[in-house]
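Student: could you work out the structure for the sequence below:
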Amino acid sequence: MLKAKLIAFNINESIRPDLPGLEQLLETAASGQAISVEQMRSAGIALTKRALEPLAASPETATTFLRELIYSVIEPVLVLDSSNGGHFGSVTQIAFNPVDSNLLATAGTDGTVKVVDIQSQSVVQSYNRGLEPRGDSGAINLRGIQSVIWSPDGRYLIVENQVSDSTPTPNRTIIDTHTQEILFEGLDLIEDLDGRPPPQVVQRNEQHGLTAELYSYGELKLVETSSDDLIWSIRLFSLPIPDSAVLHNIHSPDSLLLLRITRTNERGSSPYCCNAQLITRDEAAIRSVPVKEPSLVMWSPDSGHAVVAEKDGETWLLSIADEPFCLAGIEEGTTFTTGAFRNDFRFLALSGADETIGIFNLIDLRLAFTLDQNNGGHAARVNSVAFSPDKKQLVSADETGVIKVFNFDNILDAIIGKKDA
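Tutor: Reported below is the predicted structural model:
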């Protein structure tokens, strides 16, 4: 759990916090007048009578409490779930269209991919990957859709789903969201006899005047068949692991650097002891830091920074320009499994082990705000977070299928309000 003052406050889920009512109580308490337990409960503060009595007895204590509460309640601008066109089951990933911050792609264990128009607050496209339905709740598959990625031009969706336990390699599909056609299916990485991908095109498919080429080492290209002109190229997965000691081998988005996590203790030892390195193309290590077993490894969109979060441990920021730095304000035992950078590198959102989302200020490299069920966030484990390209929105999705869209300016106001308070 992340450190946050509101973590101990239990806002009643059945009573929406009455912000005008809370503001009126704050005005009363700030003027030095006492407020009653009944007044606080009617405004949606669901603490026990014993917990509320000190607030009622001290206008100064009540003022501090109410300021913290008011500045910290974040109302989502959109909540999407199975009742209004969302997913039946866990949402595995969300991704903003890179050229249109109004469009959000979502994927789930129900085997569907959806495109959400945030402005109209509606699902405008939905694709089902042919999974068999179970019961009345729609198409459910515990494997479902593993990931969804937009092409750089914002037109195509690359979808990965695991078909069955007997075929663990993801099945990749390309969808044209302009025509709503499924262009290619079954783009799989083919390995050679030694179990290592050959350095060549391993899959090629031609349809609709287009050619999709999946290369070894994870590069996917879409080209015009007649002219062979490149439409876009994107890297889907990390490099092959060269030996059993390497846990992760992940290219930066610009493919110029490699983030490598290597075990440094004996196999079977617990906990893992590892070394995280930023490596150039010629295998020169430019940054290195010892870490424990990683739960999250990710690059920033500009390829200038990488995050390595330890399981039940610290979270490290590795940079080309600076020495590795440990993010501050994270409570011991926290495990992050998902994260997103805002594209101006001012903020980082991390989540994964529970319902909390930590918002980190990357200027001072510390936790600035915690979003959870007490102040407008999720009541279940968060699987995916994303910032919109225009920096105005933060979106999160949880294991119960709930997707929430937040105006990030409101979160900034809460951060500033907490500092002023």
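
Student: how about the strands of the stretch 201-350 of the chain, start to end?
Tutor: Under the criterion DSSP state E, counting those that start in this stretch, the stretch 201-350 of the chain contains strands at 201-207, 210-215, 219-224, 230-235, 246-251, 257-263, 273-280, 285-292, 294-299, 305-310, 315-319, 325-326, 336-341, 347-352.

Student: run me through the strand neighbours of the second one, direction for each.
Tutor: Meaning strand 210-215. Paired strands of strand 210-215, with direction, are strand 201-207 (antiparallel), strand 219-224 (antiparallel) (DSSP bridges).

Student: buried residues, the last one. List them.
Tutor: Buried residues in strand 219-224, counted by 16 or more other C-beta atoms under 10 Å: E219, L220, K221, L222, V223. The C-beta positions use only the backbone N, C-alpha and C, and glycine is treated the same way.

Student: show me the helices in this structure, by range?
Tutor: All helices of the chain, identified by DSSP state H, fall at 19-30, 37-42, 49-57, 59-72, 408-420.

Student: quick revisit: out of the buried residues of strand 219-224, flag the one nearest to D81.
Tutor: The closest of these to D81 turns out to be L220 (C-beta to C-beta; 31.7 Å).

Student: still on that earlier bit, got a markdown table for the helices of the chain, with mean pLDDT too?
Tutor: Listed next are these as a markdown table, based on pLDDT from 0 to 100:
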| stretch | mean pLDDT |
| --- | --- |
| helix 19-30 | 83 |
| helix 37-42 | 86 |
| helix 49-57 | 85 |
| helix 59-72 | 78 |
| helix 408-420 | 76 |
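
Student: out of those helices, which is closest to W316?
Tutor: Checking the helices of the chain against W316 by C-beta to C-beta gives helix 408-420 as the closest, at 22.9 Å.

Student: where does this structure have its least confident helix or strand?
Tutor: When the helices and strands of the chain are scored by mean pLDDT, DSSP states H and E, strand 201-207 comes last with a mean of 72.

Student: who touches L362 in this structure?
Tutor: Contact partners of L362, counting by C-beta atoms under 8 Å, 6 or more residues apart in numbering, are L317, F345, R346, F347, L348.

Student: shaky segments in the stretch 301-421 of the chain?
Tutor: By pLDDT under 70, the low-scoring segments of the stretch 301-421 of the chain are 417-421.

Student: picking up where we left off before, tell me the most buried of the helices of the chain?
Tutor: Mean neighbour count (mean count of other C-beta atoms under 10 Å) peaks for helix 59-72 among the helices of the chain, with a mean of 20.

Student: what's the angle between that one and helix 19-30?
Tutor: 150 degrees (axes from the mean of the first three to the mean of the last three C-alpha atoms, to 10 degrees).

Student: give me the packing partners of helix 59-72, helices and strands only.
Tutor: helix 19-30, helix 49-57, helix 408-420 (3 or more C-beta pairs under 8 Å, 6 or more residues apart in numbering; DSSP states H and E).

Student: and those as JSON lines, adding distance to N275?
Tutor: Formatted as JSON lines, the helices and strands packed on helix 59-72 follow (distance: least, C-beta to C-beta, whole Å):
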{"stretch": "helix 19-30", "distance to N275": "49"}
{"stretch": "helix 49-57", "distance to N275": "47"}
{"stretch": "helix 408-420", "distance to N275": "34"}
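
Student: so which of those is nearest V123?
Tutor: Nearest of the helices and strands packed on helix 59-72 to V123, taken as C-beta to C-beta: helix 408-420 at 22.5 Å.

Student: ok so, going back, of all the strands of the stretch 201-350 of the chain, which lies closest to P54?
Tutor: Distance to P54, taken as C-beta to C-beta, is lowest for strand 347-352 among the strands of the stretch 201-350 of the chain, at 32.4 Å.

Student: tell me the pLDDT at A4?
Tutor: A4 is assigned a predicted lDDT (pLDDT) of 33.

Student: sorry, slip of the keys, the one I care about is D228.
Tutor: pLDDT, D228: 87.

Student: can you tell me how far it is from R155?
Tutor: According to C-beta to C-beta, to the nearest Å, D228 stands 19 Å off from R155.

Student: ok, now H251?
Tutor: The spacing between H251 and R155, counted by C-beta to C-beta, is 23 Å.

Student: next one: R346
Tutor: Counting by C-beta to C-beta - R346 and R155 are separated by 29 Å.

Student: neighbour-wise, which of the two wins?
Tutor: Between R346 and R155, R155 has the larger neighbour count (other C-beta atoms under 10 Å), namely 17 against 13.

Student: coming back round to it: of the strands paired with strand 210-215, which is nearest W232?
Tutor: Here strand 219-224 is closest among those (C-beta to C-beta), at 5.6 Å.

Student: chain center to the closest one: distance?
Tutor: From the chain centre to the centre of strand 219-224 is a distance of 26 Å (C-alpha atoms, centre = their mean, to the nearest Å).

Student: now what about that strand, what contacts it?
Tutor: Under the contact criterion C-beta under 8 Å, 6+ apart, strand 219-224 has outside partners 151, 156, 158, 172, 174, 187, 209-215, 229-236.

Student: in ChimeraX, select just the buried ones from the residues you listed.
Tutor: In ChimeraX syntax, the buried subset of the contacts of strand 219-224 is picked out as below (16+ other C-beta under 10 Å):
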select :151,156,158,172,174,187,210,211,212,213,214,215,231,234,235,236
